[in-house]
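Chemist: the following block contains a protein sequence and its predicted model.
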Amino acid sequence: MGNEDKIANKGENLLGKAKESLGDATDNKDLQAEGKGDQSKADLKDAGEKVKDAFKN
């Protein structure tokens, strides 16, 4: 399940980047903030996965 979580986190990060870019292009501050939030959430989840991996080994 770890790999699936990592892939989902990467997808969430990419979606966040896309939202942020779209917000930049349309000057939509709310969409920019939402995209940055999605990226931060994905980064935190990814860090959690790395911690779990460290304890497995």
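Modeler: Alright, I've got the coordinates. Since we're looking at a predicted model, the values are computed, not measured. Numbers count the residues shown, from 1 in each chain.

Chemist: show me where this protein has helices.
Modeler: For the chain, the helices defined by DSSP state H cover 2-26, 29-56.

Chemist: now render those as a markdown table, adding mean neighbour count and mean pLDDT.
Modeler: For glycine as for every other residue, the C-beta is placed from the backbone atoms N, C-alpha and C. Compiled in a markdown table, the helices of the chain are given as follows (neighbours: other CB atoms under 10 Å; pLDDT from 0 to 100):
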| stretch | mean neighbour count | mean pLDDT |
| --- | --- | --- |
| helix 2-26 | 14 | 93 |
| helix 29-56 | 14 | 93 |
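
Chemist: need the contact list for residue 31.
Modeler: 19, 20, 22, 23 (CB atoms under 8 Å, 6 or more residues apart in numbering).

Chemist: not counting sequence-adjacent ones, nearest residue to it?
Modeler: residue 23 (3.3 Å; CB to CB, 6 or more residues apart in numbering).

Chemist: so that neighbour touches residue 37, yeah?
Modeler: No. Using CB atoms under 8 Å, residue 23 is not in contact with residue 37; the gap is 11.3 Å.

Chemist: hang on, the earlier thing: from residue 53, how far out is the residue nearest to residue 31?
Modeler: Look at residue 23 and residue 53: by CB to CB, to the nearest Å, they are 33 Å apart.
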